[in-house]
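Participant: any chance you can model this:
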Amino acid sequence: FKALMGLKNMPKRIVPQATKFLMNLGKYTKLIEGENYEKLDEVSNISAWDWAVRDGGDAVADCALGPMIQCMVMGNCHDVSASHPIALLAWMQGMGFIKGSFKVIHDALYEQIKDSTRLGVTVDEIVIEDGAVKGVRLEDGEFIEADHVLCCTDALRARDIMPNAPESIREKLGKNKYSRIMHFCFTFDKRLVPDGFALMMFKVTADSLVSTVLEENLLDLCGPEGTSVLHCYVPDHQVDKMFPLSEEEREQKVRECMGVYFPEFLTEGKCIAQEYFPNGVSLSPSGQMMAMQNLFKELDAGAVKGLRMAGEFGEVFACTEGAFRVGKKQALALMEEIGA
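Facilitator: Numbering: from 1, shown residues only. The predicted model follows:
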């Protein structure tokens, strides 16, 4: 939060509001016991926006916490429960020490598992019979027998590929809600942003078509030195405006939005990617936190023998670090289970 307070273009009234907010935040972070968030249940039914206004003020919600949540989940902070940012601000250590973006993690993991990995293969069903995992059936019909399965899909996909899972598990997975994300990546032959620029976030009340802009070439690792690779994200609540448009019209809308801040967007640069994800990031809405706590307790108790799940929905705060924590925890538990 101290880093957020150092951001540019903050209104002066945010200082007393932030002081009030930090005092109230401390009360809630003390309720977290290790990785147990059950005592946050009392604030899991209030939105992050309403909580920030109540315990801080309008400027904290509009110019600091709201934009941060939009950046983290690419969704509207009105749709995220207060338990999400409380856990996030209490425990997230950050992954900024990684030089070279998340590609470094991907490459290192793949190097370790490549001899046992089949890429580009879609699992159509996790086969469950008599309360135990029997294996997986691939999209082409091939069946791979297995005593243990670690499912790393999003919650809704997991439910779809486990038709024979206990109804209590399927019901809990269905409580997850995801933001829809449409994003655009532009390259420019010159550095468009100031030195040290990492990202730009927008006030919630600005209702901007683009909610977050990232400079992917901050350390000249994603392109030639002195160039820009700007990632522009259209958040969930703006996506519907883009559906009726062609790809060219969508690109133009983003260029017009960004042209207010960087005039070069209107006439320069190349759009090298335009993607849409219907299930982007877990929003952790009201009721999800306790449902997921109970889901993992049920799985740990052996509700389906041999089945484990890993995904960001397993953490109260949905982010790369949250997914990493869940994945590591479940992988270590699986290794212990099989004696690896």
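Participant: residue most distant from the centroid, this structure?
Facilitator: Asp130 (34.4 Å; C-alpha atoms, centre = their mean).
Participant: who are the contact partners of the nearest residue to Val73 once chain neighbours are set aside?
Facilitator: Spatially, and ignoring its direct neighbours in sequence, Val73 is nearest to Val281 (4.3 Å; C-beta to C-beta, 6 or more residues apart in numbering). All C-beta atoms are positioned from the backbone trio N, CA, C, and that covers glycine. Val281 sits next to 72-75, 178-179, 181, 312, 318-319 when contact means C-beta atoms under 8 Å, 6 or more residues apart in numbering.
Participant: repeat that for 7 Å
Facilitator: 73-75, 178-179, 318 (C-beta atoms under 7 Å, 6 or more residues apart in numbering).
Participant: how many residues are close by the closest residue to Ile69 other than its chain neighbours?
Facilitator: Once flanking residues are discounted, Ile69 sits nearest to Cys77: 4.2 Å by C-beta to C-beta, 6+ apart. Using other C-beta atoms under 10 Å, Cys77 has 26 neighbouring residues.
Participant: how about the strands in the protein?
Facilitator: With strands called from DSSP state E, the chain shows them at 123-129, 132-138, 143-145, 149-151, 181-188, 199-201, 212-215, 228-234, 270-277, 307-309.
Participant: show me where the stretch 151-300 of the chain has its helices.
Facilitator: 155-160, 167-173, 236-239, 247-259, 288-300 (DSSP state H, counting those that start in this stretch).
Participant: show me the contact partners of the shortest one.
Facilitator: For helix 236-239, contacts defined as C-beta under 7 Å, 6+ apart pick out 74-76, 179-180, 182, 209.
Participant: swap the cut-off to 6 Å and go again
Facilitator: 75-76, 179-180, 182, 209 (C-beta atoms under 6 Å, 6 or more residues apart in numbering).
Participant: also the last one?
Facilitator: When contacts are taken as C-beta under 6 Å, 6+ apart, the neighbours of helix 288-300 outside the stretch itself are 41, 44, 83, 172, 175-176, 316.
Participant: from those, pick the one nearest Ile105.
Facilitator: Val316 (21.9 Å; C-beta to C-beta).
Participant: could you export stretch 178-194 as PDB, CA atoms only?
Facilitator: What follows is stretch 178-194, C-alpha atoms only, in PDB (Å, rounded to 0.1, in the frame of the first residue of the first chain):
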ATOM      1  CA  TYR A 178     -14.200 -15.300 -13.500                       C
ATOM      2  CA  SER A 179     -13.600 -12.000 -15.100                       C
ATOM      3  CA  ARG A 180     -13.700 -11.900 -18.900                       C
ATOM      4  CA  ILE A 181     -10.500 -10.400 -20.400                       C
ATOM      5  CA  MET A 182      -9.800  -8.900 -23.800                       C
ATOM      6  CA  HIS A 183      -6.300  -7.700 -24.300                       C
ATOM      7  CA  PHE A 184      -4.200  -6.000 -27.000                       C
ATOM      8  CA  CYS A 185      -0.500  -5.900 -27.400                       C
ATOM      9  CA  PHE A 186       1.200  -3.000 -29.300                       C
ATOM     10  CA  THR A 187       4.800  -2.500 -30.300                       C
ATOM     11  CA  PHE A 188       6.500   0.800 -31.000                       C
ATOM     12  CA  ASP A 189       9.900   1.500 -32.400                       C
ATOM     13  CA  LYS A 190      10.600   4.000 -29.700                       C
ATOM     14  CA  ARG A 191      10.200   4.100 -25.900                       C
ATOM     15  CA  LEU A 192       6.700   5.600 -25.500                       C
ATOM     16  CA  VAL A 193       6.700   5.800 -21.700                       C
ATOM     17  CA  PRO A 194       9.000   7.500 -19.100                       C
END
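Participant: list the buried ones in it?
Facilitator: Neighbour counts over stretch 178-194 (16 or more other C-beta atoms under 10 Å) mark 178-188, 191-193 as buried.
Participant: which one of the residues you listed sits closest to Val254?
Facilitator: Phe184 (5.1 Å).
Participant: quick one: contacts for that closest one?
Facilitator: Neighbours of Phe184 in contact, by C-beta under 6 Å, 6+ apart: 232, 254, 271, 274.
Participant: what's the answer for Val254, then?
Facilitator: 184, 232.
Participant: run a quick neighbour tally on the closest residue to Gln330 other than its chain neighbours.
Facilitator: Nearest non-adjacent residue to Gln330, counting by C-beta to C-beta, 6+ apart: Ala310, 4.2 Å away. By other C-beta under 10 Å, 22 other residues sit near Ala310.
Participant: make JSON lines from the contacts of helix 288-300 and add pLDDT to it.
Facilitator: Shown next, in JSON lines, are these (pLDDT from 0 to 100):
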{"residue": "Asp41", "pLDDT": "79"}
{"residue": "Ser44", "pLDDT": "82"}
{"residue": "Ser83", "pLDDT": "87"}
{"residue": "Lys172", "pLDDT": "92"}
{"residue": "Lys175", "pLDDT": "87"}
{"residue": "Asn176", "pLDDT": "89"}
{"residue": "Val316", "pLDDT": "80"}
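Participant: most surrounded residue in the residues you listed?
Facilitator: Most surrounded of the contacts of helix 288-300: other C-beta under 10 Å gives Ser83, at 29 neighbours.
Participant: no further queries at this time; thank you.
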